[in-house]
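S.K.: predicted model and sequence below, questions to follow.
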Amino acid sequence: GFFFRASSHRRTMSAAAATKSHGFPKGTWTDFCPEGKADAKAKATKAADALGRLQIGPLDRANAELLDKVHPVEWVAPDGIPVYNMVALGAGAGGLVTCGSTSRAGGKAALIEKHLLGGDCLNIGCVPSKALLSAAKCAHKCREAHKWGVEVKDVKVNFPKVMERMREIRAHISENDSVQRFTNTLGVDVYIGTGKFLDRETIQVGERRIKFKKACIATGGRARIPPVFKDVKYRTNATIFNLTKLPGKLAVIGSGPIGCELGQAFARFGSKVSIFSRRGVVMGKEDREAAAIVEARMSEDGVRFVAATTESATQKGGQIEMVYKDTKTGAVTTELFDEVLLSAGRVPNVEGLGLEAAGVAYTSRGVTVNDFLQTTNPNIYATGDVCLEEQFTHMSGTSAVLVTDNALKGMRRKYSDFVIPRVTFTEPEVAHVGLSKEEIVSRLGEGNFHEFKRPFNIVDRNLTDGYTDGFCKMFTKKDSDEILGCTIVGHQAGEMIAMVTTA
């Protein structure tokens with residue numbers, strides 16, 4: 001490994017800034033907004049390009065500001081250097097943190113991205129979804145305000161305004177993940193284009209061949225598309241945030257975190273939401289008692305849960321006709337929906353990367369890594385959804401620090417040492433860290449642990465605030481204060497789980 005002094009690197013970056021390019025943008029997407037200076041034909045062409053190739057729409061001022069930061073309308077490639085200390089393939093949380101950490105440690109990093117800097121979290125995940133959930137919670141609180149003695153009449157959701165607010169927030173936050181910050185502030189060479197390994201130490205981007213000492217694969221994942229939906233105009237988390245009109249009827253395929261969060265939000269906006277799953281199990285990875293509380297609340301919000309398999313899906317004008325079979329009774333139903341959101345699993349982005357040429361093994365589940373996040377090529381690492389079972393933004397970023405520590409500083413940090421919490425931001429929230437009760441019984445056997453449970457309907461603060469649904473359930477080793485696992489379901493469970501995680 002190696003480790004440059006950060007202070008000397010900062011001086012080098014400062015001196016190099018005047019003579020060497022890290023890449024820079026030309027032109028601006030704002031020219032192609034409705035109020036921009038481009039002609040009508042050019043505006044239509046660029047709007048179609050943004051929506052089709054980059055899956056960002058509509059091309060209003062907020063989305064133009066976003067794209068100027070994460071995928072400029074034109075990008076001049078860096079001058080480049082003979083060999084980089086680290087090259088990251090993919091500019092989501094994993095790739096951004098890998099390059100940022102490398103630069104701060106004094107190394108020279110290159111970042112390659114064919115789509116949008118910021119990856120899922122900024123563009124089609126955490127940021128837009130939480131903006132929508134915040135609006136949905138606001139609408140719900142207004143409707144329920146009478147329970148607190150506050151009268152709010154004629155509550156209406158202006159869905160176009162909700163989406164406009166989301167786009168503005170996303171554009172504002174994008175500065176942190178922008179090409180401008182990574183080139184000008186961090187001194188990272190940014191390449192916009194498709195990267196592919198040519199051999200064990202070379203990646204090609206366009207006509208440029210990039211040599212590296214170490215590399216990190218951080219290409220992420222995407223929504224799995226069930227074959228039955230391949231011929232209809234479905235939505236995924238990559239396109240649902242482009243909506244400008246509230247769907248009257250929304251079918252959600254999959255009852256995991258994405259399906260439940262967005263399903264509940266759209267129901268609170270006013271859509272008639274049906275969530276389909278094969279077994280009819282809501283949030284299957286969570287504690288069954290906690291999941292039941294969330295399911296009951298979502299049902300109160302008007303969400304319909306359907307245990308069924310989809311037999312066919314057909315485009316009928318602007319709607320989608322689904323034929324589905326009840327998995328319990330076998331009854332077959334035909335129903336029309338305005339939109340269908342696919343959230344039934346994820347697949348890793350491993351295609352077209354030239355992994356075979358690089359000596360990197362992979363399967364349908366992703367890139368194969370050891371506990372140090374090394375691939376089968378010891379100079380190439382991987383991080384994030386392309387290789388980890390825990391597909392969370394915070395794990396992509398945290399494991400990227402592990403990658404740079406191990407690859408560049410000669411450390412031997414292990415992924416298995418992480419204590420990994422997770423949160424689903426339904427209302428109420430569900431948070432978990434550590435082992436489940438079933439895992440504890442499997443490892444320790446019955447009688448070798450303690451179970452503690454505190455329902456929130458007997459907690460003074462919950463009673464005064466009006467959030468009495470839920471509980472905290474904790475497991476400890478027998479005759480010990482060692483925490484084995486914890487599930488919290490309730491208001492701000494995501495904040496509370498942090499205290500347990502650090503305990």
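M.R.: Good, I have the coordinates.
S.K.: could you look up the next helix or strand downstream of the lowest-mean-pLDDT helix or strand in the chain?
M.R.: When the helices and strands of the chain are scored by mean pLDDT, DSSP states H and E, helix 6-17 comes last with a mean of 40. Downstream of helix 6-17, the first helix or strand assigned by DSSP states H and E is strand 24-26.
S.K.: what helices or strands is the helix or strand just after that following strand leaning on?
M.R.: Following strand 24-26 in sequence order, the next helix or strand is helix 40-52 (DSSP H and E). If contacts are counted by 3 or more Cβ pairs under 8 Å, 6 or more residues apart in numbering; DSSP states H and E, helix 40-52 sits against no helix or strand. Heads up, the C-betas are built off the backbone N, CA and C, glycines and all.
S.K.: also compute the angle for the next helix or strand after helix 40-52 relative to helix 40-52, please.
M.R.: Using DSSP H and E, the helix or strand that directly follows helix 40-52 along the chain is helix 61-70. If you take axes from the mean of the first three to the mean of the last three Cα atoms, to 10 degrees, helix 61-70 sits at 70 degrees to helix 40-52.
S.K.: give me the mean pLDDT for helix 61-70.
M.R.: Averaging pLDDT along helix 61-70 gives 98.
S.K.: likewise for stretch 380-389?
M.R.: Taken as a whole, stretch 380-389 has a mean pLDDT of 96.
S.K.: send me that stretch as PDB with only the CA atoms.
M.R.: What follows is stretch 380-389, C-alpha atoms only, in PDB (Å, rounded to 0.1, in the frame of the first residue of the first chain):
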ATOM      1  CA  ILE A 380      -9.500  -4.500  -7.900                       C
ATOM      2  CA  TYR A 381     -12.000  -3.900  -5.200                       C
ATOM      3  CA  ALA A 382     -15.800  -3.500  -5.300                       C
ATOM      4  CA  THR A 383     -18.300  -1.700  -3.100                       C
ATOM      5  CA  GLY A 384     -22.100  -1.000  -3.000                       C
ATOM      6  CA  ASP A 385     -25.000  -2.700  -4.600                       C
ATOM      7  CA  VAL A 386     -22.800  -4.400  -7.200                       C
ATOM      8  CA  CYS A 387     -21.400  -6.700  -4.600                       C
ATOM      9  CA  LEU A 388     -23.000  -6.300  -1.200                       C
ATOM     10  CA  GLU A 389     -26.100  -8.000   0.200                       C
END
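S.K.: what separates it from the chain centre, distance-wise?
M.R.: Put simply, stretch 380-389 sits 14 Å off its chain's centre (Cα atoms, centre = their mean, to the nearest Å).
S.K.: tell me which residues of that stretch are tucked away?
M.R.: Neighbour counts over stretch 380-389 (16 or more other Cβ atoms under 10 Å) mark 380-388 as buried.
S.K.: residue boundaries of the strands in the stretch 201-350 of the chain?
M.R.: Taking DSSP state E, counting those that start in this stretch as the test, the strands found in the stretch 201-350 of the chain are 202-205, 208-217, 221-223, 249-253, 272-277, 304-316, 319-326, 332-337, 339-342, 346-348.
S.K.: can I get those strands in a markdown table with distance to Thr185 and mean neighbour count?
M.R.: Formatted as a markdown table, the strands of the stretch 201-350 of the chain follow (distance: least, Cβ to Cβ, whole Å; neighbours: other Cβ atoms under 10 Å):
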| stretch | distance to Thr185 | mean neighbour count |
| --- | --- | --- |
| strand 202-205 | 22 | 20 |
| strand 208-217 | 20 | 23 |
| strand 221-223 | 29 | 20 |
| strand 249-253 | 40 | 26 |
| strand 272-277 | 43 | 23 |
| strand 304-316 | 46 | 16 |
| strand 319-326 | 45 | 18 |
| strand 332-337 | 46 | 14 |
| strand 339-342 | 37 | 24 |
| strand 346-348 | 31 | 19 |
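S.K.: these: which one's closest to Ser442?
M.R.: Across the strands of the stretch 201-350 of the chain, Ser442 has its closest neighbour in strand 272-277 (25.0 Å, Cβ to Cβ).
S.K.: so what strands line up beside that closest one?
M.R.: Sheet pairing of strand 272-277 (DSSP bridges) gives strand 249-253 (parallel), strand 304-316 (parallel).
S.K.: follow-up on the earlier one: kindly present the strands of the stretch 201-350 of the chain as a markdown table, with separate columns for distance to Glu438.
M.R.: Below are the strands of the stretch 201-350 of the chain laid out as a markdown table (distance: least, Cβ to Cβ, whole Å):
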| stretch | distance to Glu438 |
| --- | --- |
| strand 202-205 | 43 |
| strand 208-217 | 33 |
| strand 221-223 | 26 |
| strand 249-253 | 27 |
| strand 272-277 | 20 |
| strand 304-316 | 22 |
| strand 319-326 | 28 |
| strand 332-337 | 34 |
| strand 339-342 | 29 |
| strand 346-348 | 23 |
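S.K.: Asp231: which of the ones you listed is closest?
M.R.: Going by Cβ to Cβ, the one of these nearest Asp231 is strand 304-316, 6.9 Å.
S.K.: which residues touch that closest one?
M.R.: With contact meaning Cβ atoms under 8 Å, 6 or more residues apart in numbering, strand 304-316 is reached by 226, 228-229, 231-234, 253, 255, 272-280, 282, 295, 298-299, 320-328, 332-333, 336, 340.
S.K.: mind doing that once more with 7 Å?
M.R.: Contact with strand 304-316 is made by 228-229, 231-233, 253, 273-280, 282, 295, 320-328, 332, 336, as judged by Cβ atoms under 7 Å, 6 or more residues apart in numbering.
S.K.: now swap in stretch 379-392 and tell me
M.R.: With Cβ under 7 Å, 6+ apart, stretch 379-392 has contacts from 92-94, 98, 213-221, 346, 348-350, 358, 360, 366-367, 369, 373-375, 395-396, 399-400, 403, 407, 420, 422.
S.K.: and the nearest residue to Glu335 once chain neighbours are set aside, bridged to which residues?
M.R.: The shortest distance from Glu335 to any non-neighbouring residue, by Cβ to Cβ, 6 or more residues apart in numbering, is to Met322 (5.6 Å). Following DSSP bridges, Met322 is listed with bridge partners Ala313, Glu335.
S.K.: the one 4 residues further on too?
M.R.: Beta bridges link Asp326 to Ala308, judged by DSSP bridges.
S.K.: same check, this time on Ala382
M.R.: Beta bridges link Ala382 to Ile217, judged by DSSP bridges.
S.K.: let's verify the residue of the chain positioned farthest from its centre: helix, strand, or coil?
M.R.: Taking Cα atoms, centre = their mean, the residue of the chain most remote from its mean C-alpha position is Asp479, at 39.3 Å. The assignment at Asp479 comes out as coil when based on DSSP: H, G, I helix; E, B strand; the rest coil.
S.K.: pLDDT below threshold where in the stretch 301-450 of the chain?
M.R.: Across the stretch 301-450 of the chain, nothing is flagged by pLDDT under 70.
S.K.: any chance you could map the helices in it?
M.R.: In the stretch 301-450 of the chain, the segments counted as helices under DSSP state H, counting those that start in this stretch are 355-358, 393-409, 437-444.
S.K.: identify the residues contacting the shortest one?
M.R.: Counting by Cβ under 7 Å, 6+ apart, the neighbours of helix 355-358 from elsewhere in the structure are 197-200, 362, 377, 380.
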